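> need a 3D model of the sequence below.
(2 chains)
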There are 2 protein chains.
Amino acid sequence: MKYIEDRSSVINPLADYQDLLKSKKKLRVKLGVDPTAPDVTLGWYAILRALRKFQEYGHTAVLILGEFTAQVGDPSGKSETRSVLEENEIDINAKGVLPIIKSILHSDNLEIVSNKEWLSKLTISEMMNLASSTTLAQMLEREDFSKRYDSKNPISLLEFFYPLFQGYDSVAVKADIEIGGNDQLWNLMLGREIQKFYNISPQVAITFPLLVGTDGKKKMSQSLNNYISVTESANNIYGKIMSIPDEVMWDYFLMLSDLELDEIEETRSLVADEKMNPFDVKKSLGKIITNELYDETLSTQAEQSFNDITINKNIPDVIPDAYISDGEVHLPNLLTENDITSSNSEARRIIASGGFKIDNVKYIELDISAAQLDGKILQIGKRKFLRINKK
Amino acid sequence: MKYIEDRSSVINPLADYQDLLKSKKKLRVKLGVDPTAPDVTLGWYAILRALRKFQEYGHTAVLILGEFTAQVGDPSGKSETRSVLEENEIDINAKGVLPIIKSILHSDNLEIVSNKEWLSKLTISEMMNLASSTTLAQMLEREDFSKRYDSKNPISLLEFFYPLFQGYDSVAVKADIEIGGNDQLWNLMLGREIQKFYNISPQVAITFPLLVGTDGKKKMSQSLNNYISVTESANNIYGKIMSIPDEVMWDYFLMLSDLELDEIEETRSLVADEKMNPFDVKKSLGKIITNELYDETLSTQAEQSFNDITINKNIPDVIPDAYISDGEVHLPNLLTENDITSSNSEARRIIASGGFKIDNVKYIELDISAAQLDGKILQIGKRKFLRINKK
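Residues are numbered from 1 along each chain as shown, chains lettered A, B, ... in the order given. You can find the predicted model right below:
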């Protein structure tokens, strides 16, 4: 499984992984996805893509829809207690993401199950048994917990349930392998211990790099609004890929393309030695991703559209994003709220004087529907730009 | 409630206690007893006696039989994870202790409930809600937990359930006051916080000194075999009271008699100044306790019997205890196993030569039934004694 071995950050324990391969059996590869948000980001897609590779290698993808665990919330990497999600919110999210996930994975070699099925039925005695599998010291080996404890940030006892539940999922589906982002390694290794507690053959943990969001700094996340959704238009995805800082694009190549590792490395050296323009490299990345998510025609159109409105017109690489809700948009409000104009009256003057463009086309009305604005680039005067996204 | 105010070590918060008194309402006073052992010790009796005082002051005694919590085991004051009790063992213990407890408390102003009733029915969501009431930092404020954590002794996550469950009991019975031994203070105060979490008026915690066992060192406990059971004969109780070290008897006076505090203090000073013989003081303690548990006649008999076989015959104050099982006892074995004789043949020689007595009566057979030995004092030669107890 070259793709997996090349791209993963950790395979633990490696010896067990090699034994699994030698066994020639059809492996059960688990991925847990909590419907805590309504969309599928490129970050999730990167891991789902790895899961799809396992399917292509002939193994079974076991996708756990974490409808039960979403209520608790994974405290991994968090510095404070999460707010608990309402059941109906989770329900809406699950209904939203499930068809997208199904469209990403192959329908053969696929099991999709909700962990509600077993977790909501746990009796108090079974829960007590599960809790007895793990010690406080094991929990506090997790860096985010121990940091929070040391810095006196409160940790609710409920938060310990999350990794226990995630481990119990591995028991319920008899996972041979569990995959996840690098922040999941501890949870995955605990799942292994919990499987042992229940006398089940322990899983191998395989983790992958986490994609950084469009801000170039933090993990891509729907709550940070620094994400690219797989359901956005090819134009939008292409444009947003072009807006990520150069230095983070290499992980995108790693996790979102099938390019060989040495090919990626070579390009990286050429860019470092200024023998290649990073802007062109990023364009090839945008092309690869939109081509995979849509098709050749739409990815070529996306590239063309990007060229038309940016390169040809000297629009800068990085354009700030603005987010709008459905319905009618009052443009002076939008521009002032996003610090493009200093007041609504200034905005009205500029629009009236013909200094306002939508995707390079002059626009002189003060109102417009959100649908007409979505995905467009607004230009005010010569140097101010804004990319519009519907919430 | 002078008895309570005089004898308790802690009333917390005192202001809330005073408010409860001012309210003139009939208070619900909770005491939890886990059926983790088959007998009721004088240590338990001391607290049950305090609960009975509340009944006499006109309040309701709410006795929680901890049939559910006994499965988890209270980690209070423990230095390692407890072994988990089997349900049928708990059942047998509960059936054993319940009639004894009922005979100690008044039947008016009494509610006895098993916490199985609500805890065994907790759903996983309710358990999650309960766990969210408390933080890790609160748990680790408890000294035994933090000590164990610091010294890297494993703490199972299950152990955190115990104080949560005990607190939930206070919610279930709407306790105004919870009483316990001094090692319970932290649990009782957490119960207060958990009641607040469930929007219930928070209880006042009242704790009392823990009686030290017959070894004079450790808390009286059935697992340490240093206990006096309330179901033992008046003779046995009297004899065992006489065997406790002088310095621990003052807490026995405090918790097992109605003597006024200044009377106890005065006696204590007289003993300290060697104006009173502690042996005589301890005899009055034995008399008070057996009189309360039995009656005037039996306590006088117990005193007389003690005088007959000890004082009159120069038997020492402190006699080592030996424990026997039901059935036939081979005396040479018993004596050798308890280091009274160095071998069975030595024991046989002494018995045959008439140097062996049971309650001061010569005995020359080598075997005897356990029933005939129970509660008796064996004498071998002039200076070696052994008090027999049936297991």
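
> list the contacts of the most centrally placed residue in chain A.
Note on chain A: the residue nearest the mean C-alpha position is A:G43, at 2.4 Å, using Cα atoms, centre = their mean. A:G43 is in contact with A:G181, A:L210, A:L211, A:G213, A:K219, A:M220, A:S221, A:Y227, counting by Cβ atoms under 8 Å, 6 or more residues apart in numbering or on different chains. Any C-beta I mention is one placed from the backbone N, CA and C, and that applies to glycine too.

> using CSV, lay out those residues together with neighbour count, secondary structure and pLDDT.
As requested, these are exported to CSV (neighbours: other Cβ atoms under 10 Å in any protein chain shown; DSSP: H, G, I helix; E, B strand; the rest coil; pLDDT from 0 to 100):
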residue, neighbour count, secondary structure, pLDDT
A:G181, 20, strand, 96
A:L210, 22, coil, 95
A:L211, 25, coil, 96
A:G213, 23, coil, 93
A:K219, 17, strand, 92
A:M220, 22, coil, 93
A:S221, 16, coil, 89
A:Y227, 23, coil, 92
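
> so which of the residues you listed are also by chain B?
Near chain B, judged by Cβ under 8 Å from any Cβ of the partner chain, there are no entries from those.

> return the member of the residues you listed nearest to chain B.
A:S221 (23.4 Å; Cβ to the nearest Cβ).

> so the closest one makes contact with A:Y227?
Yes. Between A:S221 and A:Y227 there is a contact at 6.3 Å, judged by Cβ atoms under 8 Å.

> which residues do these two both contact?
A:T41, A:G43, A:G213.

> which residues of the stretch 101-250 of chain A fall in strands?
In the stretch 101-250 of chain A, the strands defined using DSSP state E, counting those that start in this stretch lie at A:110-114, A:177-181, A:204-208.

> rebuild the ones you listed as a markdown table, extending it with distance to B:I92.
Below are these laid out as a markdown table (distance: least, Cβ to Cβ, whole Å):
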| stretch | distance to B:I92 |
| --- | --- |
| strand A:110-114 | 42 |
| strand A:177-181 | 43 |
| strand A:204-208 | 45 |
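
> tell me, how many residues neighbour the closest residue to A:K102 other than its chain neighbours?
Nearest non-adjacent residue to A:K102, counting by Cβ to Cβ, 6 or more residues apart in numbering or on different chains: A:I112, 7.3 Å away. The local packing of A:I112 (other Cβ atoms under 10 Å in any protein chain shown) involves 14 other residues.

> is it true that A:I112 touches A:V97?
No. Using Cβ under 8 Å as the test, A:I112 is too far from A:V97 to be in contact (11.0 Å).

> measure A:R268 to chain B for me?
A:R268 sits 43 Å away from chain B, going by Cβ to the nearest Cβ, to the nearest Å.

> that residue: what's it in contact with?
Here A:R268 is in contact with A:W250 (Cβ under 8 Å, 6+ apart).

> that one: what secondary structure?
helix (DSSP: H, G, I helix; E, B strand; the rest coil).

> what are the boundaries of the helices in the stretch 101-250 of chain A?
Counting by DSSP state H, counting those that start in this stretch, the stretch 101-250 of chain A has helices at residues A:116-119, A:124-131, A:136-140, A:143-150, A:161-173, A:185-197, A:234-243, A:249-256.

> among these, which comes closest to B:L20?
helix A:124-131 (32.1 Å; Cβ to Cβ).

> for A:A322, which of the helices of the stretch 101-250 of chain A is the nearest?
A:A322 lies closest, by Cβ to Cβ, to one member of these: helix A:234-243, at 13.0 Å.

> what does the closest one contact?
The contact list for helix A:234-243 (Cβ under 8 Å, 6+ apart) reads A:42, A:214, A:228, A:230, A:232, A:249, A:252, A:282-283, A:285-287, A:289-290, A:293-294, A:298-299, A:301-303, A:305-306, A:310, A:317-319, A:375, A:377, A:387, A:389.

> so among the residues you listed, which ones count as buried?
Among the contacts of helix A:234-243, those classed as buried by 16 or more other Cβ atoms under 10 Å in any protein chain shown are A:42, A:214, A:228, A:230, A:232, A:249, A:252, A:282-283, A:285-287, A:289-290, A:293-294, A:298-299, A:301-303, A:305-306, A:310, A:319, A:375, A:377, A:387, A:389.

> which ones among those lie within helices?
Taking DSSP state H as the definition of helices, those contribute A:42, A:249, A:252, A:282-283, A:285-287, A:289-290, A:293, A:298-299, A:301-303, A:305-306.

> give me the subset of those residues that also touch chain B.
Among those, no residue sits close to chain B (Cβ under 8 Å from any Cβ).
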